[in-house]
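*Asks:* Sequence isn't available, so here's the structure alone:
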């Protein structure tokens, strides 16, 4: 069973169809890229599957459960977690506290247990501390755990944004332009993190404008244009697809390098 499946997914804004009949299936453990020109519907697709927007028509099934139209909080708690183009951080809280806050998203709270410190509460706190430690190491943030995000270089801020998503213990992590604004070294570190996440059992769905990143890390690539899916296949297949090349208004060498 696919970990995520959409069928006939459509989103209209008045007379504008931002998405039209998108059918996508993602298997557990895959890294899938979604590409397309500006305005193609990529961010709208992320918003719909993650609960920040309700679809006009169509269906979203995650981990065997129909999540169509459910709230973003419920979808996140079920294991489908997304990041954003603009890194959303608590700029005046230390890096580690940003991650600690996110670690409590999937936890079930118990008011009396929190007050009296029951064994269940203490166990949850131990689990949360271990999760924070694991996420900090995975994101390569050990050297800046006490720094304020507003004082961090851009690459560290982007890594912290991904770390916050990881802290919610996702089964599927949706990364919205994870290498935007990064230099070559920062990009390679982010790619290494994405590949490590797959090895640890996290399925990745990413939107990205860097074709070098997409073609280098993704198992399959889905192409949107004007809200419609125009192609899907391996990176090699996408690079040879004439409709994709035309959508980007260039030769394959210009588009994919």
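*Replies:* Cool, got the structure. As the structure is a prediction and not an experimental result, all values here were calculated from the model. Numbering: from 1, shown residues only.
*Asks:* And the helices in the stretch 1-150 of the chain, which stretches?
*Replies:* 42-49, 72-78, 95-103, 111-116, 119-138 (DSSP state H, counting those that start in this stretch).
*Asks:* Any chance you could list what contacts the second one?
*Replies:* Read it as helix 72-78. For helix 72-78, the surrounding residues in contact (CB atoms under 8 Å, 6 or more residues apart in numbering) are 49, 50, 51, 52, 62, 63, 65, 67, 105, 106, 168. To be clear about C-beta, it is placed using only N, CA and C from the backbone, and glycine gets the same treatment.
*Asks:* Which one of these is nearest to residue 218?
*Replies:* residue 49 (17.3 Å; CB to CB).
*Asks:* Adding neighbour count, write the contacts of helix 72-78 out as a markdown table.
*Replies:* Converted to a markdown table, the contacts of helix 72-78 look like this (neighbours: other CB atoms under 10 Å):
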| residue | neighbour count |
| --- | --- |
| 49 | 25 |
| 50 | 24 |
| 51 | 21 |
| 52 | 15 |
| 62 | 23 |
| 63 | 16 |
| 65 | 11 |
| 67 | 19 |
| 105 | 16 |
| 106 | 17 |
| 168 | 21 |
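*Asks:* Of the helices of the stretch 1-150 of the chain, which is nearest residue 29?
*Replies:* For these, the distance to residue 29 is smallest for helix 119-138, at 16.8 Å, taking CB to CB.
*Asks:* what separates the residue nearest to residue 51 when sequence neighbours are not counted from residue 2, distance-wise?
*Replies:* Nearest non-adjacent residue to residue 51, counting by CB to CB, 6 or more residues apart in numbering: residue 72, 3.6 Å away. Note on residue 72: its distance to residue 2, by CB to CB, to the nearest Å, is 21 Å.
*Asks:* how many neighbours does the residue nearest to residue 51 have?
*Replies:* 15 (other CB atoms under 10 Å).
*Asks:* Residue 161 now?
*Replies:* 23.
*Asks:* How about the contacts made by it?
*Replies:* Residues near residue 161 by CB under 8 Å, 6+ apart: 83, 84, 87, 88, 89.
*Asks:* Select from those the one having the most neighbours.
*Replies:* Going by other CB under 10 Å, residue 83 tops those with 24 neighbours.
*Asks:* which regions of the stretch 101-250 of the chain sit below the pLDDT cut-off?
*Replies:* The stretch 101-250 of the chain contains residues with pLDDT under 70 at 104-118, 120-121, 124, 249-250.
*Asks:* rewinding a little: quick check: of the contacts of residue 161, which lies closest to residue 19?
*Replies:* residue 84 (18.4 Å).
*Asks:* looking at it, that closest one is touching residue 174, isn't it?
*Replies:* No: the pair residue 84 / residue 174 is not scored as a contact, 9.7 Å apart, by CB atoms under 8 Å.
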